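Asker: A structural model of the following input is requested.
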Amino acid sequence: METLANIGSILLLVVGFGFVIFWHELGHFLAAKAVGIRVEQFAVGFGQAMVCWRKGIGTTVGTSAKLAEDLRKTGRTDISETEYRLNWIPLGGYVKMLGQDDMDANATSADPRAFNNKSVAARMLVVSAGVIMNVLLAALIFMGLYMYGHNVPAALVGSVLPGSPAQVAGIEVGDRIISIDGKAIPDFTKIQLNIALGNEGDTLPVVVRREGKDITLQLTPRKATSDAREFLAIGVGGTPSLRGLPAGATLSVDKPELHVLPDQLALLPGDVITAIAGNPITPEVRGRTDIPSQYAQLHRALQASDGRAVELTVRDATGAERRHAIRPWMIGSFGGGEFDLAGILPRPAIGGIQKGSDAIGKLFPGDIVLSLTFDDTHDLVNVRSTTELRAAMTKAGADARRVSLSVSRNGQTVLVPGLLPNISLGEGKRGLGVSMLADVHSPYVGGVKPGSSLATAGVQPGSLIVSVAGKPVENLFDVRRELLASAGAAPLTTVLNGVETTHTLALTPAELTVLRSLRSDHMLALDERIEPRKTSNPLTAAAWGVGDTRDFILQGYVTIQRIVQGSVSATNLTGPIGIFHFGGKIATEKPIDWMFWFLAMISANLAVVNFLPIPIVDGGLFVFLILEKIRGKPLSQRSQGIAQIVGLCLILSLFVFVTYNDIARLLT
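Answerer: Predicted coordinates for the structure are as follows:
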């Protein structure tokens, strides 16, 4: 049944794509008819005709052009001049008018009903009508969607990365973002859309609602890394609900206990958290927007735990309750660099294992990696940090070399031999397909950050921290707490090879800032908090629809501008394969309202692409008409022909480029 439903969703998506194209061409067609231009073909798709319909003839397999000509020679006057075609290549469409051919500047006609014999204003209307119809369609779909109800992720903050622009600005977990730079934020998706294409370095006012009060903060977005492919970001994540994943959602396909940390399997579909650390809570009601984020209580409990387990009370679908304790983990900072705590580089721990990895059933979530050996040469790498492990695995993956890992599992050292890096990581790299965590549950110094105060104090990799400022510590949460309590200036006692050493540690202000910014997180698999964006007022729905259409169009043009300027990489562009792949995921994994959202977004972006000033697309033809109006006569056929060839080369080059991007993304 699920397979049939997926097939039905994909078919609906294909029909939707076809309708968006049909609607665009319908604009050209209606405008041409309105100004008296003879339309010879109305086609959806390119290439040879698959099925055609013509008034006076009916439906034919293949084109009816010759049959129509033959029938007219016999005196038939009821044969329509227009053939409606469904072509074999479903990648676009066209309206063929007498005296107009995008690929032939010489396609003029002396017929008064020809395109080339109409006024500039009439031709401008015809050329722009497709784009106008796409804009109208997007606004109408959005309007209908908001009358029906669009289930969107709430504009609530569920996580704030340490050192991120959001944390610097003072945004907190549980805040509802009301507006950014004066633009309303009705759901979480709008946060990234409004941030990503801004100007780097600009400081924006952001209004958040916290405990019933609106607070204005100043936010300066930036890229997380120097990678040109990245957009600006602020380092916030959406808020989950306090419920398990919905029915049918799985963390892995087979034997999930081998793939993820046990905490991620603590909640099942239908489960809901009813108490945190013994404090009862009222969980969110799905679809209600007036209930504050209860997830913030879980976040606060994790921050206050100091690394100790947090007890949850969970109620299942039958009403029965059980208790479950989860371990906090420290999360990395904005930018995704090496996690360090006052210069301490913790040992790498296995977080999750990707389906299909050679490590499944051999490595287990929670394993702490101690060393790596290349099986062919027996070269040994003592793994002291995540960076060292990744570098060694990248080397192994480049030559498909098997490796053996020595790991600490439940306090015992275990050898895991013969692991093959068989998971593609993109850009020609291969690895084991494991996610990494920092081993913060022991006070072990895996590595020491070069240039840090810890290095200056003489702390050696492999040391075990036993006390800070004379107080015993059992994990890195304890180390962090005592360092903060002493303002970073404290004796730190370590043991290495049985020798105890006390070091004088004095953290710099920058290191103290990083230490304060660190946050704890959980590994629970929770459903996202969904709120309906819905109104029964048609005028309100229309205003929302027009606003969303405007935003997508502006974002499309700004994206192109950023690519031309070089501040955004062209690898972010998506072609037909990527669009259909993304649409397929929405069709099979999301409720049907998201498919209509996707089609509205495609319609708006089709308007952007079609009105670019490139010959052979509507925008380029419109530019020709502007020049004709200014000059009082059209460009020469030679100039138009050269421009069309250049435009065709540009379009074909872009098509090849975005198709390569799409395939590369699908293979990674």
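Asker: For the longest helix seen in the chain, which residues meet the burial criterion?
Answerer: In the chain, with assignment by DSSP state H, the single longest helix is helix 2-34. Judged by neighbour count using 16 or more other C-beta atoms under 10 Å, the buried positions of helix 2-34 are 9, 13, 16-17, 20-29, 31-32. From N, CA and C alone the C-beta is placed, and that goes for glycine too.
Asker: So among the residues you listed, where is pLDDT lowest?
Answerer: When these are compared on pLDDT, S9 comes out lowest, with 72.
Asker: Quick check, that one in contact with A587.
Answerer: Yes - the pair S9 / A587 is scored as a contact, 3.9 Å apart, by C-beta atoms under 8 Å.
Asker: what touches both of the two?
Answerer: Residues touching both S9 and A587 (C-beta atoms under 8 Å, 6 or more residues apart in numbering) are M595.
Asker: thinking again about what came up before, tell me the helix or strand right after the longest helix of the chain.
Answerer: For helix 2-34, the following helix or strand on the C-terminal side (DSSP states H and E) is strand 39-54.
Asker: Helix 2-34 and that next one, what's the angle between them?
Answerer: Relative orientation of strand 39-54 versus helix 2-34 (axes from the mean of the first three to the mean of the last three C-alpha atoms, to 10 degrees): 140 degrees.
Asker: Residues touching strand 39-54, excluding its own?
Answerer: Outside strand 39-54, the residues within contact range by C-beta under 8 Å, 6+ apart are 18, 21-22, 25, 29, 32-33, 59-64, 68, 79-98.
Asker: Mind checking which of those residues are buried?
Answerer: Buried residues within the contacts of strand 39-54, counting neighbours by 16+ other C-beta under 10 Å: 21-22, 25, 29, 32, 60, 63-64, 68, 79, 82-87, 90, 92-98.
Asker: So if we follow the domain assignment, how does this protein break up?
Answerer: 115-149+538-668, 151-341+518-533, 347-438, 447-517 (automatic domain parsing).
Asker: In a markdown table, list the ones you listed along with mean neighbour count.
Answerer: Shown next, in a markdown table, are the domains of the chain (neighbours: other C-beta atoms under 10 Å):
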| stretch | mean neighbour count |
| --- | --- |
| domain 115-149+538-668 | 17 |
| domain 151-341+518-533 | 17 |
| domain 347-438 | 18 |
| domain 447-517 | 17 |
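Asker: Mean pLDDT and distance to T74 added to those, as JSON lines?
Answerer: What follows is the domains of the chain, written out as JSON lines (pLDDT from 0 to 100; distance: least, C-beta to C-beta, whole Å):
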{"stretch": "domain 115-149+538-668", "mean pLDDT": "85", "distance to T74": "29"}
{"stretch": "domain 151-341+518-533", "mean pLDDT": "85", "distance to T74": "59"}
{"stretch": "domain 347-438", "mean pLDDT": "89", "distance to T74": "64"}
{"stretch": "domain 447-517", "mean pLDDT": "93", "distance to T74": "85"}
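Asker: how about the ones you listed in JSON lines, adding distance to M50?
Answerer: Output for the domains of the chain, formatted as JSON lines (distance: least, C-beta to C-beta, whole Å):
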{"stretch": "domain 115-149+538-668", "distance to M50": "19"}
{"stretch": "domain 151-341+518-533", "distance to M50": "37"}
{"stretch": "domain 347-438", "distance to M50": "37"}
{"stretch": "domain 447-517", "distance to M50": "61"}
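Asker: Can you show me the strands along the stretch 451-600 of the chain?
Answerer: According to DSSP state E, counting those that start in this stretch, the stretch 451-600 of the chain carries its strands in the segments 464-468, 471-472, 489-496, 499-506, 520-521, 526-528, 530-533.
Asker: same thing with the stretch 251-400 of the chain?
Answerer: Counting by DSSP E, counting those that start in this stretch, the strands of the stretch 251-400 of the chain are 272-276, 279-280, 310-315, 321-326, 329-330, 344-345, 348-353, 368-374, 380-382.
Asker: before we move on, the earlier item: go through the domains of the chain and name the closest to I37.
Answerer: Across the domains of the chain, I37 has its closest neighbour in domain 115-149+538-668 (5.4 Å, C-beta to C-beta).
Asker: Look at A129 and give its secondary structure.
Answerer: State at A129, reduced to three classes by DSSP: H, G, I helix; E, B strand; the rest coil: helix.
Asker: OK, contacts around it?
Answerer: Counting by C-beta under 8 Å, 6+ apart, A129 makes contact with G27, H28, L30, A31.
Asker: JSON lines for those, including distance to Y295?
Answerer: Shown next, in JSON lines, are those (distance: C-beta to C-beta, whole Å):
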{"residue": "G27", "distance to Y295": "46"}
{"residue": "H28", "distance to Y295": "50"}
{"residue": "L30", "distance to Y295": "50"}
{"residue": "A31", "distance to Y295": "52"}
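Asker: Which of those sits closest to V646?
Answerer: V646 has its nearest neighbour among the contacts of A129 in H28, at 23.0 Å by C-beta to C-beta.
Asker: any idea what sits nearest that closest one, other than its immediate chain neighbours?
Answerer: V95 (4.2 Å; C-beta to C-beta, 6 or more residues apart in numbering).
Asker: Contacts for the host helix or strand of the one you found next, please.
Answerer: For V95, the host element (DSSP H and E) is strand 83-97. Residues outside strand 83-97 that contact it (C-beta under 8 Å, 6+ apart): 14, 17-18, 21-22, 24-25, 28-29, 32, 37-54, 63-65, 68, 102, 114-115, 126, 576.
Asker: Would you mind measuring from R384 to T225?
Answerer: Taken as C-beta to C-beta, to the nearest Å, the spacing of R384 relative to T225 amounts to 23 Å.
Asker: Equivalent analysis for T574, please.
Answerer: From T574 across to T225, the span is 21 Å (C-beta to C-beta).
Asker: And for I586?
Answerer: 28 Å.
Asker: give me the beta-bridge partners of the closest residue to L370 other than its chain neighbours?
Answerer: Using C-beta to C-beta, 6+ apart and skipping residues adjacent in sequence, the residue nearest L370 is S406, 4.5 Å away. Counting by DSSP bridges, S406 is bridged to S371, L415.
Asker: and if you look at K96?
Answerer: K96 has these beta-bridge partners by DSSP bridges: Q41.
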